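Engineer: Got a predicted model here, sequence first, then my questions.
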Amino acid sequence: MTKLARLRGIEIAYDDAGEGTPIVLLHGFPFNRSMWREQTESLRGAWRVITPDLRGHGETSVAGEVATMEEMAADVAALLDELNISRAVVGSLSMGGYVALAFFRKFPERVLALILADTRPQADTDDGRRAREETARRALVEGMGAVTDAMLPKLLAPSTREREAEVVDRVRAMMLGTNPRGAAAALRGMAARRDQTDLLTEINVPTLIVVGTEDALTPPSDAETMHAKIEGSRLVKIEGAGHVSNVERPEDFNRAIGEFLSGMRT
Ligand code: MLT
């Protein structure tokens, strides 16, 4: 059942399942916490799994015209405070990864381990920023239908698009359900995000990097860069998955995080 916390002037919706060491999972754009359904089911027997909707997404309030990765990270910290959690594993995908890196920079002592899936450390290029602003305006003027039609083909692997109608429908529904003002604010926040490359060599907690071999948005080369710079990190490539690897190939994704987390506990 959805839980709500009034924090930092907004209402944050989240799920809190299972008991044990906390793991907080941060979703991508323009998705919501429901993308972690299979991971929550797989982990909740041994872990306390907390899945927030990041500001402007899912059932969490929209706040302002720009939602920076730092604000989202501060929301996550406030939620952990509210739940009396001082340290957690921070898992993430894509925009969630930008937030996870912002969180690590601000609160390194609160991170037990990191999972960075289908994400990248670098900032947007100038062209990338211009494209974000265009997409933000499109979301505001035309709504999420136009944004979804443009984005969806790039998010999923060709084999997912051809053979996994349920996955396509689920991802589409998450995107269409996102508040256009929330999406625009996140797009502007992502455009403004800093380069986190210099942080990678500072990461001193167990880190798992996951990437779909068919990820066209944050390709395996980005994952390899992070793997090379984060000392002791583990890299798992999910064969045949695109950018939303945890939804496209949940069994492979769960195996990767399960092996990583059980290694961490020994
Ligand atoms: C995401 O999946 O969160 C986004 O595609 C990330 C991005 O647009 O950079």
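Structural biologist: Sure thing, it's come through. Just so it is clear, the model here is predicted, and its values are computed rather than measured. Numbering: from 1, shown residues only.
Engineer: so where do the strands sit in this structure?
Structural biologist: For the chain, the strands defined by DSSP state E cover 3-7, 10-17, 21-26, 47-52, 88-93, 111-117, 207-212, 234-238.
Engineer: Same list (these) but as TSV, adding mean pLDDT.
Structural biologist: Conversion of the strands of the chain to TSV gives the following (pLDDT from 0 to 100):
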stretch	mean pLDDT
strand 3-7	98
strand 10-17	98
strand 21-26	98
strand 47-52	98
strand 88-93	98
strand 111-117	98
strand 207-212	98
strand 234-238	98
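Engineer: wait, which of those strands is closest to the ligand?
Structural biologist: Taking CB to the nearest ligand atom as the criterion, the ligand comes closest to strand 88-93 out of the strands of the chain, the separation being 6.8 Å. In this view, the C-beta of every residue, glycine as well, is placed from N, C-alpha and C.
Engineer: any bit of that closest one sitting next to the ligand?
Structural biologist: No. Contact check for strand 88-93 against the ligand, using CB under 6 Å from any ligand atom: none in range, with a minimum separation of 6.8 Å.
Engineer: Centre of the chain to that strand, how far?
Structural biologist: Centre-to-centre, strand 88-93 and its host chain are 8 Å apart (CA atoms, centre = their mean, to the nearest Å).
Engineer: would you turn the strands of the chain into CSV with mean neighbour count?
Structural biologist: As requested, these are arranged in CSV below (neighbours: other CB atoms under 10 Å):
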stretch, mean neighbour count
strand 3-7, 14
strand 10-17, 19
strand 21-26, 24
strand 47-52, 24
strand 88-93, 26
strand 111-117, 25
strand 207-212, 26
strand 234-238, 20
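Engineer: So which of the ones you listed is nearest Val62?
Structural biologist: Relative to Val62, the nearest member of these by CB to CB is strand 10-17, separated by 8.3 Å.
Engineer: The closest one packs against which elements?
Structural biologist: Applying 3 or more CB pairs under 8 Å, 6 or more residues apart in numbering; DSSP states H and E, one finds that strand 10-17 contacts strand 3-7, strand 47-52, helix 69-82.
Engineer: Quick check: residues of the stretch 101-250 of the chain near the ligand?
Structural biologist: Residues of the stretch 101-250 of the chain found near the ligand, taking CB under 6 Å from any ligand atom as the criterion, are 190, 217, 243.
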